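J.: make a model of this:
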Amino acid sequence: MTTDSMGRVPIDKLCQQFVNLVEKALIGQALAKTANGELSRAQYEGLRFVHLHPGCCIKDLAKGLSVSHPAAVKLVERLGGKAYIAREVRDEDRRVVRLTSTPEGTGLIAEVGRRRDEAFATILGAMETAEVEKLAECVDSFIRNALQQGVAGGKMCLHCGVEHRDECPIAEAQGVA
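T.: Numbers count the residues shown, from 1 in each chain. Okay, here's the model as predicted:
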């Protein structure tokens, strides 16, 4: 890996590694321990979206995950086959299928989240309190500055649904809070 003139890894590479660690390694590890490797990352993301947006339709799922409608349909079929999501067809428009997570799906989301949080807390627990506070401050500042400069726009949203918090810097920047 290349280093800067001071012999350090460049900040953009460090950020990339941080994101990969948090998003891929921690969740991947939690998924492997929770779902016995039977649930892919894409399936987990689909289940999580449905869990956070109860009653969403397949079109919403496709848009939220940035996938095609046929890909979302396949995802729903797979998750439904594993009994993680339920489909409800409304009498007023039989073309619209509403999606919800089943108790099994909700339990899986909770367990993956708990394991991910535990792993994250273990890492943070090995750091000094001042380091953790500085990390939070720096990440918050980075996100706010990126949003002020128009970087990524709406693509930054994590689609938190029912877990949305008004103090979210992305929501604040987009006037949603």
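
J.: now the lengthiest helix in the chain: mean pLDDT?
T.: Of all segments of type helix in the chain, defined using DSSP state H, the longest is helix 103-125. Averaging pLDDT along helix 103-125 yields 93.

J.: buried ones in it?
T.: Within helix 103-125, the residues scored as buried using 16 or more other Cβ atoms under 10 Å are 105-106, 108-109, 112-113, 115-116, 119. For glycine as for every other residue, the C-beta is placed from the backbone atoms N, C-alpha and C.

J.: list just the nearest of these to His51.
T.: Ile109 (4.9 Å; Cβ to Cβ).

J.: ok, and the closest non-adjacent residue to that closest one?
T.: Nearest non-adjacent residue to Ile109, counting by Cβ to Cβ, 6 or more residues apart in numbering: His51, 4.9 Å away.

J.: that neighbour contacts Gly107, doesn't it?
T.: No. Judged on Cβ atoms under 8 Å, His51 makes no contact with Gly107 at a distance of 10.4 Å.

J.: wait, Phe120 sits on Leu26?
T.: Yes. Using Cβ under 8 Å, Phe120 is in contact with Leu26, at 6.1 Å.

J.: what is in contact with those two at once?
T.: Residues touching both Phe120 and Leu26 (Cβ atoms under 8 Å, 6 or more residues apart in numbering): none.

J.: the longest helix of the chain - contacts with which helices or strands?
T.: Helix 103-125 sits against helix 27-34, helix 41-52, with contacts defined as 3 or more Cβ pairs under 8 Å, 6 or more residues apart in numbering; DSSP states H and E.
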